[in-house]
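**Student:** this one's sequence-less:
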C-alpha cells in the first residue's frame, strides 16, 4: 500500500483520501448532514463515509449530487464508502443496490461488511434480543461482496470491525482480498497487532497521529468550524517525543460491541471472543 501526499493507493489501485467525513451520529437530521457535507467539500474533503445502519445515505446522496450539479466537485473526485447491515448478509448485491438508490449513485468506491454479525432484525438504539441472532457464514457473505465488485457496483470491498484473526481467516478463501479494514483506532486504542498484519498483506486500515501511522481517519462532526479544523492536519508533524508519550498511553477500546455478545445465540459468548483476544 502506497501513501502519496493526501491519498493512499489500495490493493485494487483505487485512491482513497487519507481524511474523510464520517456521517454516523445519534439523532442526526437530513438538513444537518447536508450542511456538514457541503462545508466539508468547501474546505477540501473528498472522502465520505456512511452506512445503511447510520440512516445518512439519503442526505449524503442529496448533498453530493447538489455539489456535482453546481460543479463544486465531480463524482470522479470523491470517494464514497457505505456498509452492509447485519441483517443483509444473505444478499449483499440487493443491499448495495438499495444503498446506491439512497445515494443516487451508479457505484460506490468502497463497500464494507459492517460487523462480523448476522441478525434477523436490527433497530438502532434498541437492545438486540437473543432470538435476533442468526448463524454467521462470512464465506458466503464475502462471495456476495465479491459479486458486488464484479458487477461494477463498487470499486473495492472490505470489512469493518474485524480482528486480525478474522481478516486472516477471510484471506484463506477470498477470491478478491479485502482492500480495507475499517476499525476504531486512536491514541488510546492503537491496534498495533492489526495494523502490522494489514500492512503485511497490503490491506488499508481506516488527526495527525493516525495519518502518521499510515491509515485513513474519519472524524465525525456536523460543526462547520470543527470540520475545517479536522482537515488542517497535513502541514505539520508530531515530534518523536509526542510519539513516545502517545505510545505509553493506557489502552481502552470505546466501542466493544457488547450488544453482539450473549451466551446462547450469538457466535461470540464474550467480548474477548468477538475480538479474538485483541482487546
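**Tutor:** Now that the structure is in, tell me what you want to look at. The shown structure was predicted, so the numbers you read here are calculated from the model rather than taken from an experiment. Numbering: from 1, shown residues only.

**Student:** residue 264 falls within a strand, correct?
**Tutor:** No - according to DSSP: H, G, I helix; E, B strand; the rest coil, residue 264 belongs to no strand; its state is coil.

**Student:** next, the closest residue to residue 103 other than its chain neighbours: secondary structure please.
**Tutor:** Nearest non-adjacent residue to residue 103, counting by CB to CB, 6 or more residues apart in numbering: residue 61, 3.8 Å away. Every C-beta, even on glycine, is put in place using the N, C-alpha and C of the backbone. Following three-state DSSP, residue 61 is assigned to helix.

**Student:** show me the contacts for residue 61.
**Tutor:** For residue 61, the contacting residues are 102, 103, 104, 105, by CB atoms under 8 Å, 6 or more residues apart in numbering.

**Student:** among those residues, which lie within helices?
**Tutor:** 102, 103 (DSSP state H).

**Student:** distance of the residue nearest to residue 103 relative to residue 98?
**Tutor:** Separation of residue 61 from residue 98 (CB to CB, to the nearest Å) stands at 12 Å.

**Student:** the closest residue to residue 275 other than its chain neighbours: how many residues sit nearby?
**Tutor:** Setting aside the residues directly before and after it, residue 275 is nearest to residue 163 in space (CB to CB, 6+ apart), at 5.1 Å. Neighbour count of residue 163, defined by other CB atoms under 10 Å: 22.

**Student:** any idea how far residue 276 is from residue 163?
**Tutor:** From residue 163 to residue 276 the distance is 4 Å (CB to CB).

**Student:** how about the helices of the stretch 1-150 of the chain, start to end?
**Tutor:** Secondary structure of the stretch 1-150 of the chain (DSSP state H, counting those that start in this stretch): helices at 30-43, 57-69, 92-103, 138-150.
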